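In: What shape does this take:
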Amino acid sequence: MFRFFLWLAVSALSMPSLLVLLPSPAHAQIETLDFFLPDDESVELVTASGTNPLSQQTQGNAAFKIKWRQPKKHEYYTWDKDWIYLRYDNTWGTHDGATSYEFRTTPGYGGKWMKRSMYVGESFTVNSSTGTRWYYPDCTVQGDHSLTYTNTLVAYYPSYNIGGDLGTDEVIVLKYDWGGGTSYERFFYARHWGWFRWESYQQGSLQSSVLFNHISSRTPVSPSAACVAFPSPCSRTNSGCTGTWSCSGRQCFTQPPGAGECQEGFNWCYGGCCCSCTH
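Out: Next comes the predicted model:
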């Protein structure tokens, strides 16, 4: 199962030279959500040419990567205490008439993308005869298809020169291998900026890449649902708290989270949110 990125058809980008960096030792354990989610969702990233805008937004425990300032053109992820999942991608191009797909191997979440806590060099494989559902542009179902891929956290860089407006940051690299070792993609995530670079390989050779390392002057657009509905927003009413009521927007669930899913200092206490009441 492979994924094409339409921006490559719009503009072929030559990548600037980047420092050759050695990753940290393979025993390093990474809290991946810290890299997957950007610190500032009011920022829209673009390439050096100012094209291919990318913004990233969370709604509860759903995360959206919105491309080209088109609200329906997004990748939709979610997470729980153990995994980050890819649920839906509407930026795929056209394949046998289908223009988007949904990962369905973990009901209600999608397909496993990264472990929340993962060692450098660690891999996992997903294999399902009906793991993806493809959709036509009008969102009617084209069919269910097999899904096999192996994801590996291949590197952690404690000091990576992203360049442009982003400077130097901690970076992790995820390899998404859908082609048995010869066809795969690599996703680069920075601790403060989230996803900022993508590479595509065929027969083990780099074919194309995109680097989002500049900040645009525009306000990011918000995503709108395409063929897979977004989670309903949860309430943040203070539930009778007489002190300071705090809820984390990134820990807000449409269903009660399981034990340990709320971040430290927050509890499952009201309307789907991980909240705390302090005095």
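In: what helix or strand is the closest residue to Ser146 other than its chain neighbours on?
Out: The shortest distance from Ser146 to any residue that is not its chain neighbour, by Cβ to Cβ, 6 or more residues apart in numbering, is 5.0 Å, and that residue is Ser129. C-betas here are computed from N, CA, C, even on glycine. Secondary structure from DSSP states H and E places Ser129 in strand 123-135.
In: Name the residue most distant from the centre of the protein?
Out: Thr242 (37.1 Å; Cα atoms, centre = their mean).
In: which residues does that one contact?
Out: When contacts are counted by Cβ atoms under 8 Å, 6 or more residues apart in numbering, Thr242 touches Cys277, His279.
In: Give the helix, strand or coil label for it.
Out: With DSSP: H, G, I helix; E, B strand; the rest coil as the basis, Thr242 sits in coil.
In: hmm, back to that, parallel or antiparallel, list what pairs with the strand holding Ser129.
Out: With DSSP bridges as the criterion, the sheet partners recorded for strand 123-135 are strand 100-103 (antiparallel), strand 141-163 (antiparallel).
In: Pull the distance from that strand to the chain's centre.
Out: With Cα atoms, centre = their mean, to the nearest Å as the basis, strand 123-135 stands 17 Å off its chain's centre.
In: for that strand, which positions count as buried?
Out: When burial is assessed from 16 or more other Cβ atoms under 10 Å, strand 123-135 yields the following buried residues: Val126, Ser128, Gly131, Thr132, Arg133, Trp134, Tyr135.
In: swap in stretch 65-78?
Out: Within stretch 65-78, the residues that qualify as buried are Lys65, Ile66, Lys67, Trp68, Lys73, His74, Glu75, Tyr76, Tyr77, Thr78, counting by 16+ other Cβ under 10 Å.
In: quick one: contacts of it?
Out: Contacts of stretch 65-78 from elsewhere in the structure, counted by Cβ under 8 Å, 6+ apart, are 5-7, 36, 44, 52-57, 61-64, 84-91, 109-110, 113, 195, 218, 220-226, 228, 230-231.
In: where in the stretch 151-279 of the chain is pLDDT low?
Out: In the prediction, the stretch 151-279 of the chain carries residues with pLDDT under 70 at positions 232-240, 248-261, 263-265, 267-273.
In: Confirm that Cys274 sits in a helix.
Out: No: assessed with three-state DSSP, Cys274 is strand; it does not lie in a helix.
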